[in-house]
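Trainee: Mind looking at a prediction? Sequence and model below.
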Amino acid sequence: PAPLVAAHPLPRRAVLATHGLTPQGAPRFLLDLARALTRAGTAVHVVSAGDGALRDEFAATGATVTVLDLAEAFATGDFSGVPAALDWAAADVVVANTFTTFWAVHAAQAAQRPSLLYIHESTTPAEFYGPRVPPAVVDLAERSVALASAVSFTSASTARYHGGAQWLTPGWIDVAALDAWRTAHPRTASRARLGLRDGERLVCNVGTVSDRKGQHAFVRATDLFCRRYPELAARTRFVLLGGRETPFDALLADVLRGLSCRNIEVHPETTDYLDYYQAADLFACSSYEESTPRVVLEAMALGVPILASAVHGIPELVRPDLEARLVPAGDTAAWCEALARLLAAPEIGRDLAGRARARVVAQFELGAVLPRHLALL
């Protein structure tokens, strides 16, 4: 485990590298880290391989933000131009968030600066990238693990998947901030904003639409639920939040057109997403691969009953039948029956949600966990 107390002062200057500035879990993880560092007096420079809606939020922390165009580098496997993109040698430490920011580890090595690599992926670079990039890109990503001065994982399961860890630093959530938001936004207002009818149940699946998030399997399970339990289905709406314009989004749209269930909606990715939790009667995480999904931590903190895949780090956050109902990823029948059970007996979900809330406050609250990350830095 990462130390509780730092042996040295925090770095005066830090470069934080991210694969993008879209409203996803990993960039939000880095956003919290940037806030904590700038508040402590560290000069933060955020460097990203893509732009996005979080750019203004990073800038609001006081950080400098630089967006690099790495499309050609990923297409060719030649990242030799990255070290010249900014003054890496001016940093006291470089933080590379996810192994997709391997290029920052190599730039830090070239500048002879220490680097901390966070691995959030419960998969290998070869499996993650597949044939979408040249072999040279996979090789650089794999070598960055050995080049980094320190490697940290947010779940023991992900660490075991990669064959061990230097450091284990759990993920966190700002419970106080979410409580303040919830107080200022009544559930009735959130439900009205989403157009929910009186008595209508809402199941929300929050997460970037992608193959590893399993939305294609989730909607098939939902379709089976609608056919097996038509009365329950008639008063339930299913919303998938995280749509983009990608080939997988198009595939998911094709799947939806072939289903008989018509009360499934895909809403676009947004930074204004907390109303979905506040309005929901059930939160679903259908992923095939996860480490410490921020969406599960948010659902725990906001008191939403959780139905999730029993994969990788999820059972470390919510234990089966204690804080959540966990089922095998992609098991259509199991997901269908779990949906029916939780929607037909809401008291079960309320009990799970109450214990999940207590667990996140006790073990994953920002004030208790983030100091370990700062001490590691």
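Mentor: Perfect, thanks for sending it. Here the structure is a predicted model, which is why all the values come from computation and not from measurement. Residues are numbered from 1 along each chain as shown.

Trainee: So for stretch 111-124, what gets flagged as buried?
Mentor: Neighbour counts using 16 or more other C-beta atoms under 10 Å place 111, 113, 115, 116, 117, 118, 119, 120, 121, 122, 123 of stretch 111-124 among the buried residues. Any C-beta I mention is one placed from the backbone N, CA and C, and that applies to glycine too.

Trainee: Show the pLDDT at the first one.
Mentor: Spelled out, that is residue 111. Model confidence at residue 111, given as pLDDT, is 96.

Trainee: Show the contacting residues for it.
Mentor: 83, 88, 89, 91 (C-beta atoms under 8 Å, 6 or more residues apart in numbering).

Trainee: repeat that for 6 Å
Mentor: Residue 111 sits next to 88, 89 when contact means C-beta atoms under 6 Å, 6 or more residues apart in numbering.

Trainee: related to what we said a few turns ago, next, format the buried residues of stretch 111-124 as a markdown table and append distance to residue 278 and secondary structure.
Mentor: Shown next, in a markdown table, are the buried residues of stretch 111-124 (distance: C-beta to C-beta, whole Å; DSSP: H, G, I helix; E, B strand; the rest coil):
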| residue | distance to residue 278 | secondary structure |
| --- | --- | --- |
| 111 | 45 | coil |
| 113 | 43 | coil |
| 115 | 39 | strand |
| 116 | 35 | strand |
| 117 | 35 | strand |
| 118 | 29 | strand |
| 119 | 32 | strand |
| 120 | 26 | coil |
| 121 | 30 | coil |
| 122 | 29 | coil |
| 123 | 32 | coil |
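
Trainee: Now for the residues you listed: which two are most distant?
Mentor: 111 and 122 (30.2 Å; C-beta to C-beta).

Trainee: ok, back up a step: which member of the buried residues of stretch 111-124 is positioned nearest residue 327?
Mentor: Distances from residue 327 to these, taken by C-beta to C-beta, are shortest for residue 122, at 17.6 Å.

Trainee: Need the nearest residue in space to the closest one, chain neighbours excluded.
Mentor: residue 312 (4.1 Å; C-beta to C-beta, 6 or more residues apart in numbering).

Trainee: what about residue 267, neighbour count?
Mentor: Per other C-beta atoms under 10 Å, the neighbour tally for residue 267 reads 16.

Trainee: and it, that one's in a strand?
Mentor: Yes. Under DSSP: H, G, I helix; E, B strand; the rest coil, residue 267 falls within a strand.

Trainee: if we can go back for a sec, isn't the residue nearest to residue 122 up against residue 290?
Mentor: Yes. Taking contacts as C-beta atoms under 6 Å, residue 312 lies within contact range of residue 290: 5.1 Å.

Trainee: out of these two, which sits in the more crowded spot?
Mentor: The residue with more neighbours, out of residue 312 and residue 290, is residue 290; 28 against 24, by other C-beta under 10 Å.

Trainee: ok, that one - contacts?
Mentor: Contacts of residue 290 by C-beta under 6 Å, 6+ apart are 311, 312, 313, 314.

Trainee: and if we set it to 7 Å?
Mentor: By C-beta atoms under 7 Å, 6 or more residues apart in numbering, the contact set of residue 290 is 122, 311, 312, 313, 314.

Trainee: check contacts around the fourth one.
Mentor: In other words, residue 313. 154, 155, 157, 158, 290, 291, 292.

Trainee: Which residue, neighbours along the chain excluded, lies closest to it?
Mentor: Per C-beta to C-beta, 6+ apart, closest to residue 313 is residue 155, 2.9 Å.

Trainee: which residue ranges form the strands in this protein?
Mentor: 13-18, 43-48, 64-67, 93-97, 115-119, 150-153, 167-168, 201-206, 236-243, 264-268, 282-285, 306-309, 325-327 (DSSP state E).

Trainee: Reformat the ones you listed as CSV; add distance to residue 214 and mean pLDDT.
Mentor: Shown next, in CSV, are those (distance: least, C-beta to C-beta, whole Å; pLDDT from 0 to 100):
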stretch, distance to residue 214, mean pLDDT
strand 13-18, 24, 98
strand 43-48, 26, 98
strand 64-67, 30, 97
strand 93-97, 23, 98
strand 115-119, 21, 96
strand 150-153, 22, 95
strand 167-168, 26, 93
strand 201-206, 9, 97
strand 236-243, 11, 96
strand 264-268, 14, 96
strand 282-285, 9, 98
strand 306-309, 7, 98
strand 325-327, 11, 98
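
Trainee: In JSON lines: those, plus distance to residue 187.
Mentor: Output for these, formatted as JSON lines (distance: least, C-beta to C-beta, whole Å):
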{"stretch": "strand 13-18", "distance to residue 187": "33"}
{"stretch": "strand 43-48", "distance to residue 187": "35"}
{"stretch": "strand 64-67", "distance to residue 187": "35"}
{"stretch": "strand 93-97", "distance to residue 187": "33"}
{"stretch": "strand 115-119", "distance to residue 187": "34"}
{"stretch": "strand 150-153", "distance to residue 187": "36"}
{"stretch": "strand 167-168", "distance to residue 187": "36"}
{"stretch": "strand 201-206", "distance to residue 187": "11"}
{"stretch": "strand 236-243", "distance to residue 187": "15"}
{"stretch": "strand 264-268", "distance to residue 187": "18"}
{"stretch": "strand 282-285", "distance to residue 187": "14"}
{"stretch": "strand 306-309", "distance to residue 187": "17"}
{"stretch": "strand 325-327", "distance to residue 187": "22"}
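
Trainee: Those: which one's closest to residue 6?
Mentor: That would be strand 93-97 among the strands of the chain, by C-beta to C-beta, at 12.2 Å.

Trainee: Can you tell me what sits against the closest one?
Mentor: 11, 14-18, 26, 29-30, 88, 102, 104-105, 108, 113-118, 377.

Trainee: ok, residue 234 - how many residues close by?
Mentor: The burial count for residue 234: 10, using other C-beta under 10 Å.

Trainee: can you pull the pLDDT of it?
Mentor: 96.

Trainee: Point out where the stretch 51-200 of the chain drops to low pLDDT.
Mentor: For the stretch 51-200 of the chain, applying pLDDT under 70 flags the ranges 164.
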